[in-house]
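Participant: For reference, the sequence and a predicted model appear below.
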Amino acid sequence: MRNLAKTLTPEFKLITFVSFIVLILHFLLHSVRILQYSYSIFYLDESFSIGSIITTCIAFSAFVYAGKIALVSTKKSESILYFLYSGVFILFGLEEAFSFRDALNDFIKSNVSFLSDAANFSWVISLGVFVAIFFAFLLYGTLKEKSDVRKFMFLGLICFVLVAVLELIGGRLYGVSDLYLIEVGIEEFLEMIGLAFFVNAFGIKLSTFSKSF
């Protein structure tokens, strides 16, 4: 672990620090309304919040890093894989910014009767096919890598799995328990840190190409 800590990039450290500040603001200021908003932008369960802005920025960073790797790699299969990575993370960022999953989940609630109960419980279940594809792709890409790049990707994947689990738990807690505030905070924090691990992995990967030029 000590050797792994030495490969943490400045970007990862900055993202982790900012994510921690966002989490603290969520716990302390979740009921504070500013700028004439009808809700608190510090509350991480809102579709538009400080957390969603930061998460979108991190996802776009992963998109840029993956795109750079795709462009500089001399291996065709690797270039294709990282173009796909860049596509996944730009979609991740856009979803975080515009909440496509919530809109699709609401559509399923109203129009797909056999999935309506699942949609009422959690989008993780109603959109399970997309969730499974997302995790399968990340696992495939992680297993294709070596050394520290693989380790950081695996840590990011674990964070995303925990996010999905917490989403399911949140479906039980929403509206019935004060623990929901804690669940949401941890869930959104893990999402940011999961992205940070991928940014770190991509940064390490990109640095190997820089050294070869």
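Facilitator: Cool, the structure landed.
Participant: From here on, just use CA atoms for contacts and neighbour counts.
Facilitator: Fine.
Participant: Mind giving me the packing neighbours of the top helix by length along the chain?
Facilitator: Criterion DSSP state H: the longest helix present in the chain is helix 179-212. Counting contacts by 3 or more Cα pairs under 8 Å, 6 or more residues apart in numbering; DSSP states H and E, helix 179-212 packs against helix 10-29, helix 50-72, helix 147-173.
Participant: Quick one: list the elements packing against the last one.
Facilitator: Translated: helix 147-173. So helix 147-173, by 3+ Cα pairs under 8 Å, 6+ apart, packs with helix 116-121, helix 123-126, helix 128-144, helix 179-212.
Participant: repeat that with 7 Å
Facilitator: helix 128-144, helix 179-212 (3 or more Cα pairs under 7 Å, 6 or more residues apart in numbering; DSSP states H and E).
Participant: which of the helices and strands packed on helix 179-212 sits most buried?
Facilitator: The highest mean neighbour count among these, using mean count of other Cα atoms under 10 Å, belongs to helix 50-72: a mean of 22.
Participant: circling back: would you mind telling me which of the helices and strands packed on helix 147-173 is nearest Ala103?
Facilitator: helix 128-144 (14.5 Å; Cα to Cα).
Participant: send the alpha carbons of that closest one over as PDB?
Facilitator: Presented in PDB, the C-alpha positions along helix 128-144 are these (Å, rounded to 0.1, in the frame of the first residue of the first chain):
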ATOM      1  CA  GLY A 128     -30.100  -3.200 -14.500                       C
ATOM      2  CA  VAL A 129     -29.100  -4.100 -18.000                       C
ATOM      3  CA  PHE A 130     -27.200  -0.800 -18.400                       C
ATOM      4  CA  VAL A 131     -25.700  -1.200 -15.000                       C
ATOM      5  CA  ALA A 132     -24.500  -4.700 -15.800                       C
ATOM      6  CA  ILE A 133     -22.900  -3.500 -19.100                       C
ATOM      7  CA  PHE A 134     -21.200  -0.600 -17.300                       C
ATOM      8  CA  PHE A 135     -19.600  -2.900 -14.700                       C
ATOM      9  CA  ALA A 136     -18.700  -5.600 -17.300                       C
ATOM     10  CA  PHE A 137     -16.900  -3.100 -19.400                       C
ATOM     11  CA  LEU A 138     -15.000  -1.600 -16.500                       C
ATOM     12  CA  LEU A 139     -14.000  -5.100 -15.300                       C
ATOM     13  CA  TYR A 140     -12.900  -6.100 -18.700                       C
ATOM     14  CA  GLY A 141     -10.800  -2.900 -19.100                       C
ATOM     15  CA  THR A 142      -9.300  -3.400 -15.600                       C
ATOM     16  CA  LEU A 143      -8.200  -6.900 -16.300                       C
ATOM     17  CA  LYS A 144      -6.500  -5.800 -19.500                       C
END
